[in-house]
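>>> quick one: sequence and predicted model below, then my questions.
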Amino acid sequence: MSTFLHWLQHETPGLLLLCAVGIAVLLLMIIRFRVEPFIALIVSGLLIALAAGLSVEDIVGTAQKSSDSLLESGFGGILGHITAIVGLGTILGSMLEASGGAQLLTRTLLRAVGERRAPLAMGLSGLVFGIPVFFDIGIFVLAPLVYAVARQGGKSILLYCLPLVAGLSMTHAFLPPHPGPVVAAGLLGVDLGWIILMGLACGLPAFAVSGLLYPLWIGKRIDLPVPEEMLAAADELARKNEAEGRPEPKLATVGFIIGLPMLLILGATFGSITLPKGSAVLAVLTFLGNPTVALTIAVLLAFWLLGRRRGMSRGELSKLTGNSLRPLGMILLVVGAGGFFGKVLAETGVGQALAGSLQSTGLPLLVAAYVISSGLRIAQGSATVAIVTTGGIIAPLLHAGEYSQAQLALIAVAIAAGSIIASHVNDGGFWIISRYFGISVKDMLKSWTVLETILSLVGFGMAALLSAVIS
């Protein structure tokens, strides 16, 4: 027995077996027994830590002090990085939603490109509005506009809804302040400015193929009319907008608030590359470009420009803020538990074992990150779980090589790309789209599942291409 334990805890094959069993237990709990992912991650992490021979004090601390334990430091390390960013981003998205900025943006794009290019307008709306809002919120807000445009165009609703959801999915997967890319940045130690740059470089081509070209092809082959109850929802939205007493925000204001935090973050990133250390300008750019500071500035401006100036009371702003933050609890719990799971993998030596195995097979780390994330996504459906689990596995492997910030950002993009592949019946987003646009399961598999796979593959392909030329 002692020989087996030594093999399991110290030899490369044993450590790899320990990692595989831990992930199998994680997936079994989520898929078979329907255990909440954050509980499954904690249980799997504890089991791996105990099986690896780590002491109880290392795992959970003592009765007097536990702040240095794997459990608390794993949770706290990643949550300290992402909580403020995700929370502020959520509030910003809610302000833009409540102000009518999304509808204004979509109508403006429709007028600019013309009725014949309405699918392009819907895709661009998803792309821009998807930056500050969650994927499902973007669908809730913009779906009635899709109904109205599809009725006016007289063609399959797929032609109009698929570009929208492709834009929302791309930003949700590849760009801050969404949880996935922020978590990946935290786990891999990447500046968010680099995540934005590489996310755009890989995500925009992927969106063009999956969200613009593919809908044109599939929209001609699956003709789905807009259901009558959805047309009624579009008419109700129009009546509500007409009855709204508050003035509509200006397009420039909406664009400024959406773009400001990204510009500040990128300013800090470029400043760190081009300006000498210790310069006053770099200090200012670094402060303003900190993601939490940049988003706080944007939120405060949104409170004033989209809220108070348009007649919203302090009580309404407080209620809107509180309501927007309620859904974050489960996301943050999953992320924190994933941080603990990853910390355990690093401390047990699994990371070094995986690094050695990958080097012997010649499989590049970027490819391994994508394959692991894709497998986890297909198996259990949650993009967040796929990202935090893959990040925990990959992070220890980074010590085996020298990686620049750009290369680390591309690995993060590869993980994010894998986390959205092949959306099917175990993914909540699959059912939201099916419900809101009246698409059957069969047609969802033919359209949305294929779209997400194209988005994933092209995004990863761009990351692989850029990694070959960027040092």
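Nice, thanks for sending it over. Numbering: from 1, shown residues only.
>>> distance check, the nearest residue to Thr390 once chain neighbours are set aside against Glu316.
Closest residue to Thr390 apart from its sequence neighbours, by CB to CB, 6 or more residues apart in numbering: Ser373 at 4.2 Å. Every C-beta, even on glycine, is put in place using the N, C-alpha and C of the backbone. In this view, Ser373 and Glu316 are 40 Å apart by CB to CB, to the nearest Å.
>>> more crowded one of those two?
Between Ser373 and Glu316, counted using other CB atoms under 10 Å, the more crowded position is Ser373 (29 against 13).
>>> what packs against the helix or strand harbouring that one?
Per DSSP states H and E: Ser373 is located in helix 365-380. Secondary-structure packing of helix 365-380 (3 or more CB pairs under 8 Å, 6 or more residues apart in numbering; DSSP states H and E): helix 12-31, helix 383-394, helix 405-418, helix 441-469.
>>> count the residues that sit near Thr47.
Careful, residue 47 is Leu and not Thr. 16.
>>> residues in contact with whichever strand or helix holds it?
Assigned by DSSP H and E, Leu47 belongs to helix 37-51. Applying CB atoms under 8 Å, 6 or more residues apart in numbering, the set of residues contacting helix 37-51 from outside is 8-9, 18-19, 21-23, 25-26, 29-30, 35, 58-59, 70, 74, 330, 333-334, 336-338, 340-341, 343-345, 347-348, 350, 380, 382, 384-385, 388-389.
>>> could you redo the last one with a cut-off of 7 Å?
Helix 37-51 has contacts (CB atoms under 7 Å, 6 or more residues apart in numbering) with 8, 18, 22, 25-26, 29-30, 59, 70, 333-334, 337-338, 340-341, 344, 348, 382, 385.
>>> now that helix: mean pLDDT?
For helix 37-51, mean pLDDT is 92.
>>> same check, this time on stretch 452-460
On average, stretch 452-460 scores 98.
>>> out of the contacts of helix 37-51, which are buried?
For those, a burial check counting by 16 or more other CB atoms under 10 Å picks out 8, 18, 22, 26, 29-30, 59, 70, 333-334, 337-338, 340-341, 344, 348, 382, 385.
>>> find the centremost residue of the chain, please.
Gly180 (3.2 Å; CA atoms, centre = their mean).
>>> report the contact partners of that residue.
172-173, 383-384, 387, 416, 419.
>>> so where's the stretch 1-150 of the chain shaky on pLDDT?
The stretch 1-150 of the chain contains residues with pLDDT under 70 at 1.
>>> ranges for the strands of it?
Read by DSSP state E, counting those that start in this stretch, the stretch 1-150 of the chain holds no strands at all.
>>> show me where it has its helices.
With helices called from DSSP state H, counting those that start in this stretch, the stretch 1-150 of the chain shows them at 2-10, 12-31, 37-51, 56-60, 70-99, 101-113, 118-129, 135-153.
>>> hey, which of those is tucked in deepest?
Highest mean neighbour count among the helices of the stretch 1-150 of the chain (mean count of other CB atoms under 10 Å): helix 118-129, with a mean of 25.
>>> starting at the chain centroid, how far to stretch 391-407?
20 Å (CA atoms, centre = their mean, to the nearest Å).
>>> quick one: Leu328 from Ser467, how far?
The separation that Leu328 has from Ser467, given CB to CB, amounts to 32 Å.
>>> if you could redo that for Ser66, that was the one I meant.
40 Å.
>>> do the same with Arg310
Relative to Ser467, and taking CB to CB, Arg310 is found at 46 Å.
>>> more neighbours, the two?
The residue with more neighbours, out of Arg310 and Ser467, is Ser467; 22 against 17, by other CB under 10 Å.
>>> what residues sit buried inside the helix holding Ser373?
Applying 16+ other CB under 10 Å to helix 365-380 flags 365-370, 372-380 as buried.
>>> and the angle for that helix with helix 383-394?
140 degrees (axes from the mean of the first three to the mean of the last three CA atoms, to 10 degrees).
>>> so Ile78 sits against Ala337, correct?
No - Ile78 is not in contact with Ala337 according to CB atoms under 7 Å; the separation is 9.6 Å.
>>> report the contact partners of Pro119.
Counted by CB under 7 Å, 6+ apart, Pro119 has contacts 159-160, 163, 215.
>>> then Thr389?
338, 341, 376.
>>> list just the nearest of these to Gly193.
Using CB to CB, Gly338 comes nearest to Gly193 of these, at 23.4 Å.
>>> that closest one - nearest residue in space that isn't next to it in sequence?
Nearest non-adjacent residue to Gly338 (CB to CB, 6+ apart): Val388, at 2.6 Å.
>>> my guess is that neighbour contacts Val335. True?
Yes - Val388 is within contact range of Val335, at 5.7 Å (criterion: CB under 7 Å).
>>> between those two, who's got more neighbours?
Per other CB under 10 Å, whichever of Val388 and Val335 has more neighbours is Val388, with 33 against 30.
>>> distance-wise, check that one relative to Ile42.
Between Val388 and Ile42 the distance is 12 Å, computed by CB to CB.
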